[in-house]
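*Asks:* Generate a structure from the sequence data that follows.
(2 chains)
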Amino acid sequence: EPEVTQTPSHQVTQMGQEVILRCVPISNHLYFYWYRQILGQKVEFLVSFYNNEISEKSEIFDDQFSVERPDGSNFTLKIRSTKLEDSAMYFCASILTGPTEAFFGQGTRLTVV
Amino acid sequence: SQKIEQNSEALNIQEGKTATLTCNYTNYSPAYLQWYRQDPGRGPVFLLLIRENEKEKRKERLKVTFDTTLKQSLFHITASQPADSATYLCALYTGTASKLTFGTGTRLQVTL
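*Replies:* Numbering: from 1, shown residues only, chains lettered A, B, ... in the order given. Predicted structure coming up:
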C-alpha cells in the first residue's frame, strides 16, 4: 500500500540552528501539507502546497518556515533559527485531489535544546 | 473565531458497549467532515468522510452523523474492543483542499 514517508524520525538540534524535515508524499498525489503537534496538544495546520506553490498557510507559518518541492518526489519543511518552542512532532500529509482522505506520514519528532 | 471542539475529557467505556464521540464546530460552513484515529506517537489515520448533504455514513462498526444545523458530528463505535483505544480526531475541509483543520481530539479507552 502506498504511504507517505518522513525522515528523520527524530531530530535533535541546538537552538538557533536550521533544520530540514523531509517527506516523500504518495507519488500521484497533488496536495501536500505540513502539520505540527506539540506534545499533548492538537494537530495544527501549518501549510498546504499545490501546483508548486503555497496555497494556504497558518499564522504559525511565519518567515522562520519555508517549504519546497525540489524535485518530483520530495517535499521539505525548513525551519530557520529554531527555538525551544519549535519542539514538536511534525507530520507531512498528502491527498490525491479534492477534499478527500489525507494520508499522513509517521512524523518527525523535533527536539530543540 | 473558528473553533472545532471535541470532548476534552477522556472517554472510558467497557468492551462491547457503543462509544459515542462528539465534534462541534463554530463559524465554519464545512462541505466535508472527516474522522481520523491517532495512536500515541503516530500520524492520524483516516477513518470516514461525510459530505454536508449526507446525514449518516457507516463503515463496519463505525457510524458518523453530520448535522449542519446543529453544527455537530457524532462518531459511534459499536461493539467496542480494547484495540479501539486511541485518540479520535474530527477534521473539516472548508470547501477547498487547501486546508484541513483538526479538532482537539477525544481519547477513548476501552476496558475489558
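
*Asks:* Who are the contact partners of the residue in chain B that chain A sits nearest to?
*Replies:* Scanning chain B for the residue nearest chain A gives residue B:43, at 3.2 Å (criterion: Cβ to the nearest Cβ). The C-beta positions use only the backbone N, C-alpha and C, and glycine is treated the same way. With contacts defined as Cβ atoms under 8 Å, 6 or more residues apart in numbering or on different chains, residue B:43 is in contact with A:4, A:91, A:93, A:104-107.

*Asks:* Distance-wise, check it relative to residue A:108.
*Replies:* Look at residue B:43 and residue A:108: by Cβ to Cβ, to the nearest Å, they are 10 Å apart.

*Asks:* Point out where chain B drops to low pLDDT.
*Replies:* Low-confidence segments of chain B, defined by pLDDT under 70, are located at B:94-97.

*Asks:* Quantify the burial of residue 32 by counting its neighbouring residues.
*Replies:* Going with chain A. Number of residues near residue A:32 (other Cβ atoms under 10 Å in any protein chain shown) recorded here: 21.

*Asks:* should've been chain B
*Replies:* When neighbours are defined as other Cβ under 10 Å, residue B:32 has 20 of them.

*Asks:* so what's the residue sitting nearest the centre point of chain A bridging to?
*Replies:* The structure's chain A has its C-alpha centroid closest to residue A:34; by Cα atoms, centre = their mean the separation is 3.2 Å. Note on residue A:34: beta-bridge partners residue A:47, residue A:92, judged by DSSP bridges.
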